[in-house]
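J.: what's the 3D shape of this:
(one chain, ligands or ions: 1)
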Amino acid sequence: MVNFTIQNVLIAFSDDYATVDVQIIDGAIAAIAPNLQVIGTAIDGKNKLLLPGFFNAHTHSSEMWQRGIMSAFPLELWLAELYDFAPLDPEQVYLSALGTAVETLLSGGTSVVDHLVLIPGLELETIAIATRAYREVGIRAFIAPLIQDESLSAGIPSGESAQKHEPYFRSTAATLEIIEEAVRQFHRPDEGINILVAPTGIQLCTDALFQGCTELSDRYNLCRHSHLLETRAQEKLAQEKYGCTAVEHLQRIGY
Ligand SMILES: [Zn+2]
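T.: So this is what the prediction gives:
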């Protein structure tokens, strides 16, 4: 591993700043003090502030392809449009994961959570491709395969009307099997690649999916990820579905 010493850089304390040198040896901080001996490459930190790597706690790499071209709709309609032309091509999955990793690093981030849109029928391949991209760049990645088990229209509150929704194309059990297989194949925390359980949110997921994810999370020690209450419609939907708030319900079912 590369050794280097950052000289004369500002670091923050709880209530003050200090100008110090920082020695990095074998990939870890070895010493922080003024006027240290230079080990490895010297880096001039003058007039710069040294901070820990930032953590992007939520992004969707696939949306890199859709930036600036989406209509300015409320979220529910916006999602319908987004779903209509999500990039469903493995090469695009690879390139946008690569772009997400590079963009994160260039903006000071060293870890990223990618709530990853899966290509239907090629779910494990999608996860494999994103894993490859993040490994190639070397960023710490938290790959959160985006899953649901209800169709898009089920995410809209029905109000006074009686609605029937199309069943989702893949069963809850099949979805959970995909995630478990992804964990077996790709979850390597020691190597900087983590698989998360990541049901998209209460608006498109059954309790069975949340509970299946909780079980996987407990069994394999996985982080849990989800959207929560992004719109007024979702707040209303939670009352219709559960008779309580979304947070109360998720707590009740142990997610
Ligand atoms: Zn999101």
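J.: Low-confidence stretches in the stretch 1-150 of the chain?
T.: Residue ranges of the stretch 1-150 of the chain with pLDDT under 70: 1.
J.: For it, which segments count as helices?
T.: For the stretch 1-150 of the chain, the helices defined by DSSP state H, counting those that start in this stretch cover 75-84, 90-106, 123-137.
J.: is it possible to export the ones you listed to JSON lines including mean neighbour count and distance to Phe186?
T.: Quick note: C-beta positions are derived from backbone N, CA and C, even for glycine. Listed next are the helices of the stretch 1-150 of the chain as JSON lines, based on neighbours: other C-beta atoms under 10 Å; distance: least, C-beta to C-beta, whole Å:
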{"stretch": "helix 75-84", "mean neighbour count": "14", "distance to Phe186": "25"}
{"stretch": "helix 90-106", "mean neighbour count": "19", "distance to Phe186": "13"}
{"stretch": "helix 123-137", "mean neighbour count": "20", "distance to Phe186": "5"}
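J.: mind listing the strands in this protein by residue range?
T.: 4-12, 17-25, 28-33, 41-44, 54-59, 109-116, 140-145, 193-195 (DSSP state E).
J.: Which neighbouring elements make contact with the last one?
T.: In other words, strand 193-195. helix 123-137, strand 140-145, helix 172-186 (3 or more C-beta pairs under 8 Å, 6 or more residues apart in numbering; DSSP states H and E).
J.: same question for the last one, mean pLDDT?
T.: What it means is helix 172-186. For helix 172-186, mean pLDDT rounds to 98.
J.: ok now stretch 123-135, how far from the chain's centre?
T.: Between the centre of stretch 123-135 and the centre of its host chain there is 14 Å, according to C-alpha atoms, centre = their mean, to the nearest Å.
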